[in-house]
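Asks: Predicted model follows, preceded by the sequence.
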Amino acid sequence: MCFANFFFLKLVFALSSVPGWPGKKRHAGFHFPSLYNFIVDTFEDPKGEIAKKNIEELLKWWNR
């Protein structure tokens, strides 16, 4: 699961206009550590049964 979190963070970074990894961790008002924490929280503690099922399906697909 840790690799998936890192992948999603890098995907957002790659799709952004940031010329390099932001030293201040913030670029154009976007805070990369907050995004990472949000992704980790979503995977580790999904809110509700539908979210839990979606995360399980995503991880099953990711690990195939």
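Replies: It's in.
Asks: When you work out contacts or count neighbours from here on, use the C-alpha atoms and nothing else.
Replies: Fine.
Asks: ok, residue 10 to residue 49 distance?
Replies: Noted for residue 10: a distance of 28 Å to residue 49, by CA to CA, to the nearest Å.
Asks: neighbour count winner among the two?
Replies: residue 10 (15 against 9; other CA atoms under 10 Å).
Asks: Mean confidence (pLDDT) on whichever strand or helix holds the more buried one, please.
Replies: Per DSSP states H and E: residue 10 is located in helix 2-15. Taken as a whole, helix 2-15 carries a mean pLDDT of 76.
Asks: helices and strands around that helix, which ones?
Replies: helix 32-44 (3 or more CA pairs under 8 Å, 6 or more residues apart in numbering; DSSP states H and E).
Asks: Quick check: what element follows the helix it packs on along the chain?
Replies: In the C-terminal direction from helix 32-44 (assignment by DSSP H and E), the next one is helix 49-62.
Asks: Report the mean confidence score over that next one.
Replies: Helix 49-62 comes out at a mean pLDDT of 90.
Asks: Tell me what angle that helix forms with helix 32-44.
Replies: With axes from the mean of the first three to the mean of the last three CA atoms, to 10 degrees defining the directions, helix 49-62 sits at 100 degrees from helix 32-44.
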